[in-house]
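1. structure of the sequence below:
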Amino acid sequence: MMTLSYWIAKLKEARLKIKNTKEEGIDMMVKLYVISILSGKWPYKRVPAPLKKKVYEQLELAVEDPELLAELTKED
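-> Numbers count the residues shown, from 1 in each chain. The predicted model follows:
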């Protein structure tokens with residue numbers, strides 16, 4: 001017989017899997033925005049606000065020149 005604690009543990013496990021899948025999807029979106037910005041196909045100012053910080057962090061890792069980073073992330 002399945003106990004209540006068994007089902008609670010199963011629900012927590014399922015919730016964790018959903019959370020990890022969602023985070024992986026967001027990480028992939030961030031990488032796609034970075035690639036598009038670096039290739040000149042998408043301006044940084046059009047990146048959705050919730051993702052801007054993560055996109056900026058990844059751009060910092062990809063671009064070593066501060067002037068180029070400033071150029072890629074300008075929002076005017």
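
2. where is the longest helix in this structure?
-> helix 4-38 (DSSP state H).

3. just after that helix, pick out the following helix or strand.
-> helix 49-62 (DSSP states H and E).

4. from the chain's centroid, how far away is the next helix or strand along the chain from that following helix?
-> Downstream of helix 49-62, the first helix or strand assigned by DSSP H and E is helix 66-72. On the basis of Cα atoms, centre = their mean, to the nearest Å, helix 66-72 sits 20 Å off its chain's mean C-alpha point.

5. give me the buried positions along stretch 27-44.
-> Using 16 or more other Cβ atoms under 10 Å as the test for burial, stretch 27-44 gives 30, 33, 34, 36, 37, 44. Just so you know, the C-beta spots here come from the backbone N, C-alpha and C atoms, and that holds for glycine as well.

6. and what of stretch 52-70?
-> Buried, per 16+ other Cβ under 10 Å, within stretch 52-70: 52, 54, 55, 56, 58, 59, 63.

7. excluding residues flanking it in the chain, which one is nearest the fourth one?
-> Spatial nearest neighbour of residue 56, excluding adjacent residues (Cβ to Cβ, 6 or more residues apart in numbering): residue 73 at 6.1 Å.

8. again, but for the first one
-> In space, not counting the residues next to it along the chain, residue 52 is nearest to residue 44; the distance is 7.7 Å by Cβ to Cβ, 6+ apart.

9. was I right to think that neighbour contacts residue 38?
-> No - Residue 44 is not in contact with residue 38 according to Cβ atoms under 8 Å; the separation is 10.4 Å.

10. identify the contacts common to those two.
-> The contact sets of residue 44 and residue 38 overlap at 59, 72 (Cβ atoms under 8 Å, 6 or more residues apart in numbering).
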